[in-house]
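Would you be able to build a 3D model of this:
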Amino acid sequence: MSPYFSATELRRSSFGDRALVTETNALPAVVSATGRAAVSSTVGAADRALGRSGVSTSANPRRPSSAGRRSATRRVVGVVGVLALGELVTRFGITDPQYVPYVSTVLKRMFELCVDVRFLSQTADTIQAWLIGLGLSVVVGVALGFAIGSNRFLDKSFRALFDFIRPIPSVALIPLGLLVLGQGLQLKIALIVYAAAWPVLYNVVSAIRSIDRVQHDTARVFRIGRVARFVHVFLPSTLPNLATGIRVASPIALVLAISVEMLGGSRSGLGVWILDANTGAGRADLVFAGTAIAGLLGASSNWILATVERRLLPWHPSYRTEAAR
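Numbering: from 1, shown residues only. Have a look, this model is predicted:
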């Protein structure tokens, strides 16, 4: 038997705690059975000492359930408190119920709308444009972000153009969009992509520029190809920023979808339904209910994205700090 052995050492990098695998072959050491037993005994004693001192040796500490329940309770109390305050403001006559209806009435209308086929159909049209536009925004933002973030020439070439285009309000482009694309789904998707791609783009660019130079040099020394470098270096480094960009882009996409429906002459959608409820008799309770449901859609999307991010990125410092509390 050879007096040398091969070992695979897993080290966690300083950026993102990703596991970088480096192979160390032919280590000049002879480990006897007695030596292995001694090392194993020492490691076991260290683990027991850490356990007695209250230090967790688990790689993924779980957040205590009591802390999660306290956080959820605070959120519920906050929502209930705001709703109760709104109800009291109207009950005491501070506001006119004709224009600011009772909170209880709005909640009742919301439950009724959840089983209204016409309302659900209109809302589905908005959700369709919202999701398609958000998906395309992520694709465009990631593609441009990786291209610009990894190429200084492209960055300098397009920086002035982006600085000029980015401040233009999306709703200001509705008349131009009507002339070019007309009414319908295409207009909503185009304006959503225009507005929602910026957070994704700039977050990806920022993440690529913040990658530790040592990681680039290590990949180059080990002759890692471009595809493998993208998968093992660029992609893990940009995931936290990309997740943040998507969470920021999601409500922007929803706002643009509803705004274009209201201002762009759309024939269907949640924005159109809210406008119709405000015309004629001026049903303020339906307007508030429809608006509140739009808010629930945005809040639900944020909760879903945050949950997915927490599942996919448990190694991120923000979630490790949160779990340690």
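
pLDDT score for the residue nearest in space to the middle of the chain?
By CA atoms, centre = their mean, the chain has its centre lying nearest to R247, at 3.1 Å. According to the prediction, R247 has pLDDT 94.

Spit out the contact partners of it.
302, 305-306, 309 (CB atoms under 8 Å, 6 or more residues apart in numbering). Using the backbone N, CA and C atoms, a C-beta is placed for each residue, glycine as well.

T291 now?
Contacts of T291 by CB under 8 Å, 6+ apart are I274.

For the helix or strand containing it, which residues meet the burial criterion?
Using DSSP states H and E, T291 sits in helix 284-312. Residues of helix 284-312 classed as buried: 284-290, 292-294, 297-298, 301, 305, 309-310 (neighbour count, 16 or more other CB atoms under 10 Å).

ok, so of these, who is nearest S150?
For those, the residue nearest S150 by CB to CB is E309; the value is 23.6 Å.

Return the per-residue confidence for that closest one.
Here, the pLDDT recorded for E309 equals 88.

so it makes contact with A243?
Yes. The criterion here is CB atoms under 8 Å, and E309 meets it with A243 at 4.3 Å.

on that earlier part again, now the contacts of R247 as a markdown table including distance to L107?
Conversion of the contacts of R247 to a markdown table gives the following (distance: CB to CB, whole Å):
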| residue | distance to L107 |
| --- | --- |
| N302 | 21 |
| L305 | 26 |
| A306 | 25 |
| E309 | 30 |
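
ok, these vs R70, which is closest?
A306 (17.8 Å).

distance of the closest one from Y194?
25 Å (CB to CB, to the nearest Å).

the inter-axis angle of the longest helix along the chain versus helix 284-312?
Scanning the chain for the helix with the most residues, using DSSP state H, yields helix 117-149. Computed with axes from the mean of the first three to the mean of the last three CA atoms, to 10 degrees, the direction of helix 117-149 lies at 40 degrees from that of helix 284-312.

how far off helix 117-149 does the next helix-or-strand element following helix 117-149 point, in degrees?
Using DSSP H and E, the helix or strand that follows helix 117-149 towards the C-terminus is helix 152-165. Orientation check (the same axes, to 10 degrees): helix 152-165 against helix 117-149 gives 140 degrees.

hmm, who's touching helix 152-165?
Residues from elsewhere that reach helix 152-165, judged by CB under 8 Å, 6+ apart: 147-149, 205.

same thing but at 7 Å, please
With contact meaning CB atoms under 7 Å, 6 or more residues apart in numbering, helix 152-165 is reached by 147-148.

so how far is the helix or strand following it off the chain centroid?
Note on helix 152-165: by DSSP H and E, the next helix or strand toward the C-terminus is helix 174-181. In terms of CA atoms, centre = their mean, to the nearest Å, the centre of helix 174-181 is set 30 Å apart from its chain centre.

Kindly report the same for stretch 179-198.
22 Å.

Check which residues of it are buried.
Result for stretch 179-198 [16+ other CB under 10 Å]: buried residues 181, 185, 187-198.

Any chance of those residues in JSON lines with pLDDT, secondary structure and distance to V221 as columns?
What follows is those, written out as JSON lines (pLDDT from 0 to 100; DSSP: H, G, I helix; E, B strand; the rest coil; distance: CB to CB, whole Å):
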{"residue": "L181", "pLDDT": "86", "secondary structure": "helix", "distance to V221": "50"}
{"residue": "L185", "pLDDT": "89", "secondary structure": "helix", "distance to V221": "50"}
{"residue": "L187", "pLDDT": "91", "secondary structure": "helix", "distance to V221": "51"}
{"residue": "K188", "pLDDT": "92", "secondary structure": "helix", "distance to V221": "49"}
{"residue": "I189", "pLDDT": "94", "secondary structure": "helix", "distance to V221": "45"}
{"residue": "A190", "pLDDT": "93", "secondary structure": "helix", "distance to V221": "45"}
{"residue": "L191", "pLDDT": "94", "secondary structure": "helix", "distance to V221": "46"}
{"residue": "I192", "pLDDT": "95", "secondary structure": "helix", "distance to V221": "43"}
{"residue": "V193", "pLDDT": "95", "secondary structure": "helix", "distance to V221": "40"}
{"residue": "Y194", "pLDDT": "94", "secondary structure": "helix", "distance to V221": "42"}
{"residue": "A195", "pLDDT": "94", "secondary structure": "helix", "distance to V221": "42"}
{"residue": "A196", "pLDDT": "94", "secondary structure": "helix", "distance to V221": "39"}
{"residue": "A197", "pLDDT": "94", "secondary structure": "helix", "distance to V221": "35"}
{"residue": "W198", "pLDDT": "94", "secondary structure": "helix", "distance to V221": "36"}
